[in-house]
Structure formats: C-alpha cells, structure tokens
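Chemist: could you look at this predicted model? Sequence included:
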Amino acid sequence: MNPKIGLEIHVYVDAKQKLFCTCPINLNAKPNTTVCPVCTAQPGAKPMLPNREAIHKVIKTALMLNCKINHALIWQRKHYDWPDLPKGYQNTMSGSYAVPVGEHGTFLDVKISECHLEEDPARWDPVTGCIDYNRSGYPLIEIVTEPDFTGSAQVRDWLKKLITTLSYVHAVNKNMGVKCDVNVSIPPDYSRVEIKNVNSFKSIIKAIDYELARQQKEKSHQHTRQWNDAEQVTKFMRSKEQALDYMFIPDPDLPVVEITKRLLSDMQKQLPEKPEQKHKKLLKAGVEKTTAEVISTDLPLSELFEELSKKLQPTTVANWIRKELLRLLNTLEKDFHELDIKKEHIAELLELIEKKVVTEKVGRELLQKLAEKPFSPKEHVKKQNLSAISGKGELEKLCKEAIKNNPSPVNDYKSGKEEAIHFLVGQVMRMTKGKAKPQELKWIFQKLLK
C-alpha cells in the first residue's frame, strides 16, 4: 500500500497592495516601512474593503484548478496567539462557518479540496525576537489538495507545474516563494502527521522524504511537526489542533463578498485553455502521446507550440520543445516566459533545422546563444558560415583524412567493432565544427571501409 501525501499550499497573489489597506507590496523595502495602523493593528483601526485585485486573482486561480466557484464568501477570524499576529486573529475565507472561493477541483490528476484567500502574518524571527510588519496583510492564496500524492518526486513535478501555470496567468507571484504544510501518512494506520511552514521546493521534498523514512521506523500518531532546515529533520511541535482551537467567528467588520455570474463569465473569457484542452490539440496535431503530455502540462510551452506549428511541422516543433528547449530550461532552472527569447527567433531556428540548412548540433548551439541574448538565427548562420556541409566530394575527402589519421579505430571497425565508426564520425564533426550531418558521414565511412 502506498503512502498518502496531501498539501496545503500558500502562494502570494500577484498584487500591488495589501489585502485590507493601501500599503504597497515591496519586497525590497526596509523592515517596518510599508506599514499603517490597519496592518499593524493599532487600537481603533478598521480594515478597508478587501483588495479587488486579490479577489479577482483568487477566482482566476480557482477557475484554472477546475473548481466549483461559490458565490457568497464570508470572512472569518481565525484566532491564535503568536508574535507575528498583532490582531490576535487572522482574516481568512476558511474555517467553521466559511465557504472557500473554490472547491472540488482538479489539476493534473490531483484533486483540489478547496482554494481560498487569506492574509499573511508578519515576519517574526524567533532567534532575535524582532518582527517585520511589512509582510503583515499580504494577500495569500491557500490551495488544499486531497492526499493523492505517493512520493516526493511526484509532489515536486506537480508543484512546479502548478506555480508555472498560476504565475503565467498572473494570478500569483512566484518570486515571492511558496509556503507549504505537508500532510504525510503511511499504511497500515495512516495516522496523519502535518509538517508546518516548509518554505522552499527543496525543503518540501526533503521534509517528505525524511518523514516517510521516520514513520516507517517508528509508530506514529496524529500530531504536528516542523521542518528544521539546519538539521534536515522534522521535530515534534504539538498534538494536532482541531478547528475549535481557533475559535472561528465571522468578522463583523468585513462584508460578504458576492461573486456574480457575470464576473465569472468575464474572467473565464480572459483565461487561456487548460492543460487537458491543450493535450487534446497536441494529439490531434499528430504529436506522440508522451511528448503531448509533457508539453500540455506547461502552459507557456504549449502556447509556444501552437504559435510555431502554424508555419512549421508540429512534430518538429514538439520534439524540439520537449528534448532541446526543456533540457535548456532545466539547466538554467527557469521557465520559458522568464527567458528573453523571442518566439520569432525560435521559429527561424526551427525553420533552418527543418530545411536542413543547419545540423541539429549547430541548432542546439544557437538555442543556447538565444537564451543569452536575442538575435536572428538566419542572419547569424549567414555571417558565421554555419550552414550544413553536404556534397559527397568534400565530405568524402574529410572522411579519408580521418581514416588516415586514426588507424586504431579503423582496425577496430574492420575487426567487427561497429561502434568504432562513431569515433570516426566524431572526428569529422569536429573538423567541420558540427556542420556535417552524422548520418551522411556514417554512410560514407561504411562505404570507404567496406
């Protein structure tokens, strides 16, 4: 039986102001400089009406997660006593008497229990005791999944695609990071252990792996733990609290937020197609199933595919996106929309490859250069004389030279070691700076060495 892993994901809304005041969101501000009586809970201060931009973007998020949208949203006071919470409670759309913005959704085969909006507490340093209220009141979206994950690798890939999708539609700001409460339980008892406030992708993965190993060694009961990044372990915090411990009550200072059918309809029209719709389009275009799955789950790449395949062969575009572009993005640890690569330049590059003007090796080198700065691949190939070398005469001459200079692999090939021909092909590829076609060279060598 597999483990059960569920996530409570907190991401920051891509907004300009805090949730209940007009203080700006500025990550570079000095501590306690973007604050006011509302977000520091001064006596007599009342919240303003909630940030319209934040409301719209949590709805957009819920729609992208295929959630059912609720039309009357009640703000709750979630009470707890902690230094980073000056009011003594947090305003949230979750709790005993609330309905979430969205519920019963799904994203890439993982069920979404709910999606709601809440405010972020201040930043408290338990070592120094200092508190920075700049962050107090930042709008947060919480996404709660069902325990559909079975391992850390699955969590990592799914989370990356979730954040990429939501940042691409400008619902969340991925540069502000992600916070996650991770719920882990293993058979046969499935006693749920919650790991609170894990603050990075790497820590989320390490916390899951550690907790799975710990629960396999020792019998566990339902409780809450914290992740210690310095020691790379989870540590006991408290017995699992219940909703009653938070004393949820509707906030008398904040009105019900009404979501109209017209607003939902307008927002639906603004959103791109979802991954499942992109997947069908890719298959219809003749793209291989696995490649279609990889591209359709990355919204920026799937939209790039649609634009490029209007003028180029869909299979050429799909294969280059999956193999070469994704390899480059993984190396750089970036998403496509974070790079300064113009789509028309990628189109030029793929056209050169499709027409066999350049070899695939040269194409890969050009793609690497495009990630560094924009330029026209066609003009660059012309100026640098990078066009593929073809023609039997010139290539045969180079192959004969390679045979003359490399007697050992030649003898190996003649004695039956057919893989030795790859060394000879590599020699000519180096001589031509990657401008020869490997298959053509292989054919010439086989003919000369017969």
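Modeler: Yep, that arrived. These figures come from a predicted structure and were not determined experimentally. Residues are numbered from 1 along each chain as shown.
Chemist: any idea of the pLDDT on residue 364?
Modeler: Note on residue 364: pLDDT of 90.
Chemist: cool, and residue 32?
Modeler: pLDDT recorded at residue 32 is 96.
Chemist: give the contact list for it.
Modeler: 132, 133, 134 (Cβ atoms under 8 Å, 6 or more residues apart in numbering). Yep, even glycine has a C-beta here, placed from its N, CA and C like the rest.
Chemist: what about it, which SS state?
Modeler: coil (DSSP: H, G, I helix; E, B strand; the rest coil).
Chemist: so where's the stretch 51-200 of the chain shaky on pLDDT?
Modeler: Within the stretch 51-200 of the chain, no range satisfies pLDDT under 70.
Chemist: picking that back up, of the contacts of residue 32, closest to residue 314?
Modeler: Within the contacts of residue 32, proximity to residue 314 (Cβ to Cβ) peaks at residue 134, which comes in at 48.1 Å.
Chemist: quick one: the helices in the stretch 351-450 of the chain, in order.
Modeler: Remark: helices assigned in the stretch 351-450 of the chain by DSSP state H, counting those that start in this stretch are 360-372, 377-384, 392-405, 407-414, 420-431, 438-448.
Chemist: sorry, back to before: now the contacts of residue 32 in TSV, with secondary structure and neighbour count?
Modeler: Below are those laid out as TSV (DSSP: H, G, I helix; E, B strand; the rest coil; neighbours: other Cβ atoms under 10 Å):
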residue	secondary structure	neighbour count
132	strand	18
133	helix	22
134	helix	22
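Chemist: export these to TSV and tack on distance to residue 314?
Modeler: Shown next, in TSV, are the contacts of residue 32 (distance: Cβ to Cβ, whole Å):
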residue	distance to residue 314
132	51
133	53
134	48
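Chemist: what's near enough to touch residue 148?
Modeler: 6, 109, 110, 111.
Chemist: how does it look with 6 Å?
Modeler: With contact set as Cβ atoms under 6 Å, 6 or more residues apart in numbering, residue 148 has these partners: 110, 111.
Chemist: kindly report the same for residue 264.
Modeler: Per Cβ under 6 Å, 6+ apart, neighbours of residue 264: residue 69.
Chemist: how about the one 3 residues further on?
Modeler: Shown here is residue 267, whose contacts under the criterion Cβ under 6 Å, 6+ apart are 59, 60.
Chemist: what helix or strand is it on?
Modeler: Per DSSP states H and E, residue 267 falls inside helix 261-270.
Chemist: now that helix: buried residues?
Modeler: Neighbour-count burial for helix 261-270, with 16 or more other Cβ atoms under 10 Å as criterion, is recorded at residue 267.
Chemist: dump it to CSV, keeping only the CA atoms.
Modeler: The C-alpha trace of helix 261-270 is given here as CSV (Å, rounded to 0.1, in the frame of the first residue of the first chain):
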residue,chain,number,x,y,z
LYS,A,261,-22.3,35.1,-12.7
ARG,A,262,-21.3,37.9,-15.0
LEU,A,263,-18.0,38.4,-13.2
LEU,A,264,-17.3,34.6,-13.6
SER,A,265,-18.2,34.7,-17.2
ASP,A,266,-15.9,37.6,-17.9
MET,A,267,-13.0,36.0,-16.1
GLN,A,268,-13.4,32.7,-17.9
LYS,A,269,-13.0,34.6,-21.2
GLN,A,270,-9.7,36.0,-20.0
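Chemist: can we start the residue count at 25 from this point?
Modeler: With 25 as the first residue, the last one maps to helix 285-294.
Chemist: show me what secondary structure element comes after it.
Modeler: Sequence-wise, the next helix or strand downstream of helix 285-294 (DSSP H and E) is helix 299-308.
Chemist: quick one: distance of that following helix to the chain centre.
Modeler: A distance of 19 Å separates the centroid of the chain from that of helix 299-308, by Cα atoms, centre = their mean, to the nearest Å.
Chemist: which strand residues bridge the closest residue to residue 43 other than its chain neighbours?
Modeler: Among residues not flanking residue 43 along the chain, residue 163 sits closest, at 4.3 Å (Cβ to Cβ, 6 or more residues apart in numbering). When bridges are called by DSSP bridges, residue 163 pairs up with residue 143.
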